[in-house]
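> Next input, structure requested:
(one chain, ligands or ions: 1)
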Amino acid sequence: MIKTDHTALDRRSLLVGLGALGLSTTLPRRAFAQEGPSPIVIKGAAIFDGTSEDLITGSDVRIENGMISAVGPDLSTEDAEIIDATGLTLTPGLTDAHTHIMWHDEIEELIYGSPHEYTGVMAAEGAHRMLMRGFTTVRDAGGPSFGLKKAIDAGVIAGPRILPSGFFISQTSGHGDFEPRMNYLSPYFTGQLDPAYLRGWTITGDGKAEVMKAAREALRYGASQIKIMGSGSITGAHDPLDVTEYTLEELQAIVGEAQKWGTYAKIHAYSDASVQNAITAGVRSVEHGLFASEESMQMMKDNDVFFSTQYLTYSVPADQTGLTGDALPKFIQAQEGATAGYERAKAFGLKVAWGTDILGTIDKGPSQSLEFVARTPYYTPREILMQATSGNAELFERSGLRHPYRDGPLGVVAPGAYADLLLVNGNPLDDISVLTTPDTSLALIMKGGIIHKTLL
Ligand SMILES: [Zn+2]
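Purely as a prediction, here's the structure:
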């Protein structure tokens, strides 16, 4: 303790000194890095390495400085803390390719009602709970998550790694145009500031110049990838589900901006025309996509586009969704198309992302884990676990130079990979439902070599 206090004091006085000299006080973090925790060796676990057909036995995993340094039999335990994981399954940390980690209220409340700090506090708690369900990385599909990411990455609060999208890019009347009033003129005509923009949720842009500016704005904030609203939606205030949003030219303009930054765009798209426009424009990840025709599925296959849909969302009985008004019939419409969409995606052998799109109050969070069983009519437990680990990690790699975590691979148990690991009571390759009860089934949760939970 005394040593830590001295270190803090030394650092403060040094910062004051630099300030007095007029020098930047933003110093590289490594300059003050404390000695990391001692290495850890996990012994005795059966390992799912992210891709293996079966569990691997007889190998230890050594963790140093937040990364996996070695995997193999009889690794050195010198200077290391030893974890005996006999009888447990070691897997990569789970990932979710479609979260809205800031979205813990009705969207109208988040934009026009609740105080900022309420949004932030709920999101911080939600992020911690998500980590406690075993999710160590998420691709956020829209919302002002940059500050939350910063606090998590700094180690101040516990939560998953975040690949943020930031603002939704939406046309006027599109899925991101959340303005609930009909008797209302858009900021474009009135010159008033748009609360959806001010609070980091949406940039409404129409035409090539506006959407390019919107994409550049999201990238300026630190978006890992760009999120486009490309079609009608279930919860949208104004757009029927069948509507195709944005022209091919507008989509190409957005994708072009993403590509100049070395990353890609993903798109919310239900209508078949919106899926086809998106793929033609170079979008790399189609969200939802349930009404994509066989022709569009073939385009996804030919262009190596990820099908990033959700399975749990559409399996909930309509009267249990909590949806009301226009949203309920739109949900039923989407649900009716869902099964055929899943079957087409399976038949075409598409790369399927693992994502949940869970929205709403914080008590909805545990549903995230139920996605594992919602996929069992279509995929084997191993396929589902691959989707949620190495498969999503491959999708995240499409962020290229905008990928925030580039020190090693995510989603695998391999030397050089991030030490984001779970120890599971039971074998998820036999019974994926063990992951739906994380409170009891996850014996250990490690992110970046730091143990966030242990029952051992
Ligand atoms: Zn979404």
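
> check contacts around Q298.
F348 (Cβ atoms under 8 Å, 6 or more residues apart in numbering). The way it works is simple: take the backbone N, C-alpha and C, and place the C-beta from them, glycine included.

> so how far is the ion from it?
The spacing between Q298 and the ion, counted by Cβ to the ion, to the nearest Å, is 25 Å.

> Now that residue, what are its backbone angles?
Taking degrees, to the nearest 10, you get phi -60, psi -40 for the backbone angles of Q298.

> Kindly report the same for E371.
phi -60, psi -30.

> I'd say it and D357 touch.
No. Between E371 and D357 there is no contact under Cβ atoms under 8 Å: 9.4 Å.

> Nearest spatial neighbour of T454, chain-adjacent residues omitted?
L444 (4.8 Å; Cβ to Cβ, 6 or more residues apart in numbering).

> what's the spacing between that neighbour and L456?
6 Å (Cβ to Cβ, to the nearest Å).

> Now do the shared contacts for these two.
The contact lists of L444 and L456 share I83, A85, L423, where a contact means Cβ under 8 Å, 6+ apart.

> And stretch 103-121, end to end?
11 Å (Cα to Cα, to the nearest Å).

> quick one: contacts for L359?
H100, W103, I107, T235.

> Revised request: answer the last question for A374.
Y311, L312, S315.

> so which of those is the most crowded?
Y311 (23 neighbours; other Cβ atoms under 10 Å).

> how much space between it and T454?
Y311 is 31 Å from T454, by Cβ to Cβ.

> now swap in L359 and tell me
31 Å.

> P438 too?
Plainly put, P438 is 13 Å away from T454 if you go by Cβ to Cβ.

> Secondary structure element for T136, which one?
strand 135-140 (DSSP states H and E).

> Near the ion, which residues of this protein? Just list them.
A141, D357 (Cβ under 5 Å from the ion).

> Quickly list what D96 is bridged to.
V138 (DSSP bridges).

> How many residues are close by it?
Neighbours of D96 using other Cβ under 10 Å come to 26.

> Is it correct that S369 is in contact with P438?
Yes. Using Cβ under 8 Å, S369 is in contact with P438, at 5.9 Å.

> Show me how the record splits the protein into domains.
1-34, 94-378 (automatic domain parsing).

> hey, least reliable of those domains by pLDDT?
Note on the domains of the chain: domain 1-34 shows the lowest mean pLDDT, a mean of 37.

> any idea of the mean pLDDT for stretch 426-446?
98.

> wait, what's in contact with H175?
F168, M229, S231, G232, S233, G236, D239, E245, H268.

> 7 Å - rerun?
Counting by Cβ atoms under 7 Å, 6 or more residues apart in numbering, H175 touches M229, G232, S233, G236, D239, E245, H268.

> L435 too?
L435 sits in contact with G134, S369, F372, P428, S441, where contact means Cβ under 7 Å, 6+ apart.

> and what of G355?
So G355 contacts D96, A97, H98, S308, Q310 (Cβ under 7 Å, 6+ apart).

> So for the fourth one, what's the nearest residue that isn't a sequence neighbour?
If you skip the residues right next to it in sequence, S308 has A353 as its closest partner in space, 3.8 Å away by Cβ to Cβ, 6+ apart.
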